[in-house]
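S.K.: output the structure for:
(one chain, ligands or ions: 1)
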Amino acid sequence: MKYISTRGNASPLDFAGVTLAGLASDGGLYVPEYWPHFSEAEIAAMRGLSYADLAVRIMAPFTKGTLDEAELKLLCEAAYGRFSHAAITPLVQLDHQHWLLELFHGPTLAFKDVALQLLGQLFERFLAQTDKALTIVGATSGDTGSAAIDAVAGRERTEIFMLHPHGRISEVQRRQMTSVLAPNVHNIAIEGSFDDAQAMVKRMFNDPEINGPLKLTAVNSINWARLMAQVVYYFAAALKLGAPECRVAFSVPTGNFGDVFAGYVAAQMGLPIETLIVATNVNDILHRALSRGDYSVSGVTPTQAPSMDIQISSNFERLLFDLEGRDGSAMAARMKWFEQMGKMVLSADMRKRAKLFQSVRADANETADAMRWAYEQCGQIIDPHTAIGLHGARSIEFARDISVVTLATAHPAKFPDAVEQAVGIRPALPRRLGDLLVCEERYLILPGDYETVRDHILASAAGPAVP
Ligand SMILES: *Cc1c(COP(=O)(O)O)cnc(C)c1O
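M.R.: Purely as a prediction, here's the structure:
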């Protein structure tokens with residue numbers, strides 16, 4: 001499989017290439033040259049496979065030419081071996097129509113582990129092969145950071161610099177990153193928002209002063225391998241609920257449009273998905289874009305679902321690329337305009353082509369109401385991100401024979417204050433997290449100034465010296 005840039009002006013790469021590269025050199029994102037497709041019979045034959053075996057079936061077309069199925073299987077088994085639930089992503093029933101897909105049984109308690117545990121394995125595999133070393137630079141709104149750090153801590157060939165918005169993530173989220181004291185892990189708190197931190201990371205990729213001496217790699221959801229890994233649980237859930245004969249709708253709490261884009265990929269591959277609900281909090285650029293065609297930036301409001309406090313959703317560019325008929329030069333012009341003006345319009349025609357998606361926005365009260373409904377009616381304690389998804393799922397009416405699955409993206413104990421406020425119970429951290437709340441932390445606070453952050457990374461990176 002070859003990968004091409006959404007802006008049409010970067011050399012195509014193979015799977016190992018896109019895994020290590022992150023952003024394309026023309027500023028675009030890599031996507032597969034075409035969407036692989038499974039027939040109904042092929043999908044029916046996936047029923048009953050273990051999660052790792054299903055992952056191999058789904059991912060094999062994307063890794064073709066780089067990894068064979070036996071190698072892929074070993075990597076999947078290693079990646080999913082650290083989950084605390086044998087089903088990896090179990091389904092929990094709420095009522096006659098609604099289900100939760102629990103994606104938080106990995107080491108850092110959010111769905112990001114599903115992809116990043118695999119990405120850590122892929123990095124090791126590809127770096128060992130080429131005898132190279134990498135510097136990972138990332139920005140996190142909370143959960144990517146800890147999941148990425150867990151996946152690479154203590155490794156020899158990777159060094160990680162993780163930027164987070166100072167004071168805007170929960171204490172558990174911060175401690176899950178800053179308590180990792182491995183020498184290859186560097187945490188930086190930026191005085192600013194997540195978007196400020198992400199803009200710095202993007203700029204570093206296009207800045208030869210840093211991306212020359214250091215070989216930079218991205219681990220945020222612009223990395224294709226992450227999205228690919230997330231396609232698997234859409235298949236896993238739908239198969240359990242009767243696919244391909246039965247159709248399933250998914251409601252996805254959305255920030256960077258990564259997780260829900262993986263659902264779109266599953267649909268392109270032949271999974272019969274009724275609807276993908278893009279559930280946002282009050283930072284609702286995606287809801288405005290999909291419901292009215294208004295994709296315009298308007299500042300970030302901090303909420304109780306910090307991993308969704310995002311205004312520019314990087315992966316939306318991947319959907320736009322398809323909606324533009326996969327025309328790279330039209331996309332380059334569109335994105336240049338957007339970067340200058342901070343807004344773009346989706347034509348009625350493009351919105352028609354995006355009809356698989358519906359969008360719903362939840363404010364603070366609606367989020368708390370969803371947490372209360374799950375607890376009082378179904379005995380489930382859910383986190384605020386999941387609650388936004390559940391609000392979306394319950395806001396849209398579906399035919400009786402459609403199962404509606406809300407992606408439960410984080411363990412409630414990651415956001416204990418919000419949960420306690422809504423349902424009066426403080427969720428406990430799972431025992432396997434140990435003494436997280438009292439152990440030593442290490443991180444640096446830097447002003448939101450690009451040169452300061454870049455120069456700090458350049459000065460403290462061990463560099464690309466290969467062992
Ligand atoms: C990252 C995250 C999201 C948003 O996922 P995207 O792929 O950025 O849309 C939602 N919920 C939680 C708990 C997250 O960590």
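S.K.: for the stretch 301-450 of the chain, which segments count as helices?
M.R.: For the stretch 301-450 of the chain, applying DSSP state H, counting those that start in this stretch gives helices covering 316-323, 328-341, 348-353, 364-378, 384-395, 416-423, 450-460.
S.K.: among the ones you listed, which is the most enclosed?
M.R.: Comparing these on average neighbours per residue, with mean count of other C-beta atoms under 10 Å, the densest one is helix 384-395 at a mean of 29. (Each C-beta comes from the backbone N, C-alpha and C, glycine too.)
S.K.: packing partners of that one?
M.R.: Using 3 or more C-beta pairs under 8 Å, 6 or more residues apart in numbering; DSSP states H and E as the contact test, the elements touching helix 384-395 are strand 98-102, strand 248-253, strand 273-280, strand 357-361, helix 364-378, strand 403-408, helix 416-423.
S.K.: on that earlier part again, which of the helices of the stretch 301-450 of the chain sits closest to the ligand?
M.R.: The closest approach between the ligand and any of these, judged by C-beta to the nearest ligand atom, belongs to helix 384-395 at 3.5 Å.
S.K.: using a markdown table, please lay out the helices of the stretch 301-450 of the chain together with distance to S193.
M.R.: Converted to a markdown table, these look like this (distance: least, C-beta to C-beta, whole Å):
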| stretch | distance to S193 |
| --- | --- |
| helix 316-323 | 18 |
| helix 328-341 | 17 |
| helix 348-353 | 28 |
| helix 364-378 | 18 |
| helix 384-395 | 18 |
| helix 416-423 | 19 |
| helix 450-460 | 14 |
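S.K.: buried ones in the biggest helix by length in the chain?
M.R.: In the chain, taking DSSP state H as the definition, the longest helix is helix 112-130. Judged by neighbour count using 16 or more other C-beta atoms under 10 Å, the buried positions of helix 112-130 are 112-127.
S.K.: out of those, which is nearest to A182?
M.R.: Of all the buried residues of helix 112-130, the one with the least separation from A182 (C-beta to C-beta) is G120, at 12.9 Å.
S.K.: enumerate every residue touching the closest one.
M.R.: When contacts are counted by C-beta atoms under 8 Å, 6 or more residues apart in numbering, G120 touches A79, A148, A151, V152, R155.
S.K.: ok, now A387?
M.R.: By C-beta under 8 Å, 6+ apart, A387 lies in contact with A305, A362, T367, A368, A370, M371, A374, A422.
S.K.: go with 7 Å
M.R.: The contact partners of A387, taken as C-beta atoms under 7 Å, 6 or more residues apart in numbering, are T367, A370, M371.
S.K.: surely A10 is in a helix?
M.R.: No - residue state for A10 (DSSP: H, G, I helix; E, B strand; the rest coil) corresponds to coil; a helix is not indicated.
S.K.: surely it meets G28?
M.R.: Yes - when contacts are counted by C-beta atoms under 7 Å, A10 is listed as touching G28 (6.5 Å).
S.K.: neighbour count: the two, which is higher?
M.R.: In this view A10 and G28 are compared by other C-beta atoms under 10 Å, and G28 has more residues nearby, 23 against 20.
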